[in-house]
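1. sequence? don't have it. structure:
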């Protein structure tokens, strides 16, 4: 195992200590992943919205294989609103749950055309009211397309790391978002989610996190507990 900084993974006693440690994690992850960004390929807010809807229960890699054809055939909300349901299903079939996703994409586009003049809305309330769009998707679009997030995006990776790092015990994404949004200032919300997602995909995976090589092990109470129990092993289940 590589040399580590002195462990600071004991539970912080004050809110100030918790904020300081959380910021230390962010700084290290920023240094580790300086190019962290949204991995859904898109050119505008409409494309990002569609890609994020398709990403449910699907990898970004798979979504990026599907969207070039989708966006070429249906480049605007108006075009997608009038899409043939069967044709759309065939285009997005490999992303899984393609029937419900196709239905949501068409209904979402129709509502954007009818209520927002064909333009993706820029408020959390309006976005979350669109078919197939929850708070996570709305925050992705607000943060990455418009640069004005309403909070921190909480996907499965952000949820997992937030719990392992001891930032929260909540399972509810809305409650986790509230905790993270209080730990970090708004200017870090968008990039923080990307950093946690990249670390979750590359190091702190769900089934076999690589604690032995983890850059933030000394700040992670879960990893520290595992290291004490299995000092020569990475965290695996």
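-> Yes, it's here. Since the structure is predicted, the reported quantities are computational estimates derived from the model, not experimental observations.

2. residue 196 versus the one residue sitting closest to the centre of the chain, what's the distance?
-> What sits nearest the mean C-alpha location of the chain, by Cα atoms, centre = their mean, is residue 155, with 4.3 Å. In this view, residue 155 and residue 196 are 9 Å apart by Cβ to Cβ, to the nearest Å. Heads up, the C-betas are built off the backbone N, CA and C, glycines and all.

3. ranking helices and strands of the protein by mean pLDDT, which lands last?
-> Using mean pLDDT, DSSP states H and E, the weakest-scoring helix or strand in the chain turns out to be helix 221-229, at a mean of 83.

4. mind giving me the domain split of the protein?
-> Listed domain ranges for the chain are 15-36+152-229, 45-144 (source: automatic domain parsing).

5. low-confidence ranges, the chain, go.
-> Scanning the chain for pLDDT under 70 picks out 1-13, 229-237.

6. please enumerate the helices of it.
-> Listed in chain order, the helices of the chain (DSSP state H) span residues 15-32, 45-54, 60-73, 77-81, 85-92, 98-116, 124-128, 135-144, 156-164, 173-183, 189-202, 221-229.

7. turn these into JSON lines, columns for distance to residue 208 and mean neighbour count.
-> JSON lines is the format used below for those (distance: least, Cβ to Cβ, whole Å; neighbours: other Cβ atoms under 10 Å):
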{"stretch": "helix 15-32", "distance to residue 208": "19", "mean neighbour count": "16"}
{"stretch": "helix 45-54", "distance to residue 208": "27", "mean neighbour count": "24"}
{"stretch": "helix 60-73", "distance to residue 208": "19", "mean neighbour count": "16"}
{"stretch": "helix 77-81", "distance to residue 208": "39", "mean neighbour count": "18"}
{"stretch": "helix 85-92", "distance to residue 208": "30", "mean neighbour count": "16"}
{"stretch": "helix 98-116", "distance to residue 208": "30", "mean neighbour count": "18"}
{"stretch": "helix 124-128", "distance to residue 208": "34", "mean neighbour count": "17"}
{"stretch": "helix 135-144", "distance to residue 208": "25", "mean neighbour count": "23"}
{"stretch": "helix 156-164", "distance to residue 208": "13", "mean neighbour count": "19"}
{"stretch": "helix 173-183", "distance to residue 208": "23", "mean neighbour count": "18"}
{"stretch": "helix 189-202", "distance to residue 208": "12", "mean neighbour count": "21"}
{"stretch": "helix 221-229", "distance to residue 208": "12", "mean neighbour count": "17"}
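
8. rebuild these as TSV, extending it with distance to residue 213.
-> As requested, the helices of the chain are arranged in TSV below (distance: least, Cβ to Cβ, whole Å):
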stretch	distance to residue 213
helix 15-32	11
helix 45-54	31
helix 60-73	23
helix 77-81	43
helix 85-92	37
helix 98-116	36
helix 124-128	37
helix 135-144	29
helix 156-164	15
helix 173-183	25
helix 189-202	10
helix 221-229	11
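
9. residue 38 is nearest to which of these?
-> helix 135-144 (4.8 Å; Cβ to Cβ).

10. surely residue 130 touches residue 112?
-> Yes: under the criterion of Cβ atoms under 8 Å, residue 130 makes contact with residue 112 at 6.9 Å.

11. common neighbours of those two, please.
-> Common contacts of residue 130 and residue 112 (Cβ atoms under 8 Å, 6 or more residues apart in numbering): residue 121.
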